[in-house]
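>>> model this:
(one chain, ligands or ions: 1)
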Amino acid sequence: MERKKLRVGISCYPTFGGSGVIATEIGIELARCGHQVHFICLDVPRRLREFTDNIFFHEVGVLDYPLFTHPPYDISLASKMVEIATYQRLDLIHVHYAVPHATSALLAAQVLGQDAPPVVTTLHGTDITLVGNDPAYLPITRYSIYQSSGVTAPSQYLKEATYEELHLSTSTPIEVIPNFVDVDLFRPAASAGSGNFAGEGRVCPRIAGERTITHVSNFRPVKRLEDVVRIFALVNEQVRSRLVLVGDGPERGRTQELVRELGLGERVCFLGKQDAFLHILQQSDLFLLPSATESFGLAALEAMSCGVPVIATDVGGIPEVVADGESGFLSPLGDVESMANNAIMLLRDEQLHAQFAKEARARAVSEFRLQDVVPQYVEYYYRLLG
Ligand code: GMT
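Numbering: from 1, shown residues only. Here you go, the predicted model:
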């Protein structure tokens, strides 16, 4: 018997972060399968590229007033959730990133009373490890997670970190559903390509024979951009390469300064924020992710899916994504030399590189394929709805 199609409200940050990407791709896949999806966000999520049947967008308007230093987004979001849940008869609300989305959903549920749809909270990373565990947010974040009808995390690591860092009782079940990738879109390049990229008015041409090392992030301290540059500097001494940096954020200025200081200006391209960085991944030889922590590392998975081996730190949920010594290499946090040596080894040995590229792609396809993972969310929804 065919099960009832669901009406699902989704709230997320609509910006470049991985949590917004995952939320949007879940929504698109749900809609493709005939469910009705209502995005309730500050803005249209970046990856909601085009008009799609069954997808609706409801903008959360945040009213400013001279008295406010910061207009209360969480209250505006909760109010919008109440409106959409009521008038669109939502079966379920799925929020991504606990702070403050889980709290807004809890507030909305309290207003809706017995008509409230169940709330699923997907934890993503810093909502637990950097923000949610701060005393400024901890008691409310913990309570909002505890009050959610269902809680998911993209890795076993984040599940355990949530119990530990938020002092949440293990009697609150957390379902591990990994992040995923569209392996049909993120796939190895069909042809070699020019390898020339452009960004922010600057062209970043590939010089014959040089290798391309890529890093994609939001340039926050947790991404350790200094390590990215220092690893690259060591690699470039041995194997002529260029470093392609995609993204922007608070560490951009300091990173540019370091690049100048090391005399690497000609070898490092800052491409800024790019919606379409797929072709950059496809032309890359290695992907660097020396983060201080990652609940998962979605950017690394997207690189793997394009057949790009990953050089990363052995922290957080990264080992659940990158198989050390197979689809990439993992090193202790801050061990720039080890990461550089691993990169050099892969770049110097074409056969080894090809083997890692193949393994990376195979792992992305077998473990993290969008069409295999999103149904896990759907099953989870039906389970909660009884
Ligand atoms: O938590 C963050 O830093 C933001 C978040 C995001 O929105 O990009 O990133 C986290 O969620 C991603 C999607 O689940 C994960 O792939 C990232 O590893 C995770 N970031 C961290 O844990 C630092």
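
>>> Can you list the low-confidence ranges for the stretch 1-150 of the chain?
The stretch 1-150 of the chain contains residues with pLDDT under 70 at 16.

>>> ok, 80 please
Counting by pLDDT under 80, the stretch 1-150 of the chain contains low-confidence ranges at 1, 16, 49-50.

>>> Which element, helix or strand, includes Pro250?
Using DSSP states H and E, Pro250 sits within no helix or strand.

>>> just the one 3 residues further on next, same as before
When secondary structure is defined by DSSP H and E, Gly253 falls within helix 252-261.

>>> What helices and strands are in contact with the helix or strand harbouring Pro139?
Taking DSSP H and E as the definition, Pro139 sits inside helix 138-147. Applying 3 or more C-beta pairs under 8 Å, 6 or more residues apart in numbering; DSSP states H and E, one finds that helix 138-147 contacts helix 98-112, strand 119-122. Using the backbone N, CA and C atoms, a C-beta is placed for each residue, glycine as well.

>>> buried stuff in the longest one?
The neighbour-count criterion (16 or more other C-beta atoms under 10 Å) identifies 98-109, 112 as the buried residues of helix 98-112.

>>> What residues does the chain have near the ligand?
Residues of the chain lying close to the ligand by C-beta under 6 Å from any ligand atom are 17-20, 22, 124-127, 154, 179, 222, 293-298.

>>> Out of these, list just those in helices.
Of these, the ones assigned to helices by DSSP state H are 18-20, 22, 126-127, 298.

>>> Same list (the residues you listed) but as CSV, adding neighbour count.
Listed next are those as CSV, based on neighbours: other C-beta atoms under 10 Å:
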residue, neighbour count
Gly18, 23
Ser19, 26
Gly20, 22
Ile22, 28
Thr126, 20
Asp127, 27
Leu298, 23
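
>>> How much space separates His279 from Arg47?
16 Å (C-beta to C-beta, to the nearest Å).

>>> Quick one: low-confidence residue ranges for the stretch 201-350 of the chain.
201-208, 275.

>>> What count of nearby residues applies to the closest residue to Leu264 other than its chain neighbours?
The shortest distance from Leu264 to any non-neighbouring residue, by C-beta to C-beta, 6 or more residues apart in numbering, is to Ala233 (6.2 Å). Neighbourhood size, Ala233 [other C-beta atoms under 10 Å]: 19.

>>> what's the burial count for Lys5?
Neighbours of Lys5 using other C-beta under 10 Å come to 13.

>>> I'd say it and Gly34 touch.
Yes. Using C-beta atoms under 8 Å, Lys5 makes contact with Gly34 at a distance of 5.0 Å.

>>> If you count contacts, what does the helix or strand harbouring Asn341 end up packed against?
Element membership for Asn341, per DSSP H and E: helix 336-348. Applying 3+ C-beta pairs under 8 Å, 6+ apart, one finds that helix 336-348 contacts helix 225-238, strand 286-289, strand 310-313, strand 328-331, helix 350-367.

>>> For that helix, buried residues please.
Buried residues in helix 336-348 (16+ other C-beta under 10 Å): 336, 338-344, 346-347.

>>> Report the beta-bridge partners for Asp270.
For residue 270 the amino acid is Phe, not Asp. For Phe270, the beta-bridge partners are Leu245 (DSSP bridges).

>>> relative to helix 98-112, how tilted is the helix holding Pro139?
Orientation of helix 138-147 against helix 98-112 (axes from the mean of the first three to the mean of the last three C-alpha atoms, to 10 degrees) gives an angle of 60 degrees.

>>> my read is Phe56 is in a strand, agree?
Yes. Under DSSP: H, G, I helix; E, B strand; the rest coil, Phe56 sits within a strand.

>>> Neighbours of it, how many?
That count, for Phe56 with other C-beta under 10 Å as the rule, works out to 16.

>>> Give me the nearest residue to it, chain neighbours excluded.
Phe56's closest residue in space is His38 (C-beta to C-beta, 6+ apart), at 4.9 Å.

>>> CA atoms only for the host helix or strand of that neighbour, dumped as CSV, please.
Taking DSSP H and E as the criterion, His38 maps to strand 36-41. C-alpha atoms of strand 36-41 as CSV (Å, rounded to 0.1, in the frame of the first residue of the first chain):
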residue,chain,number,x,y,z
GLN,A,36,5.1,18.7,-0.5
VAL,A,37,8.0,20.8,0.9
HIS,A,38,7.7,24.2,2.5
PHE,A,39,11.0,26.0,3.1
ILE,A,40,10.7,28.5,6.0
CYS,A,41,13.9,30.5,5.9
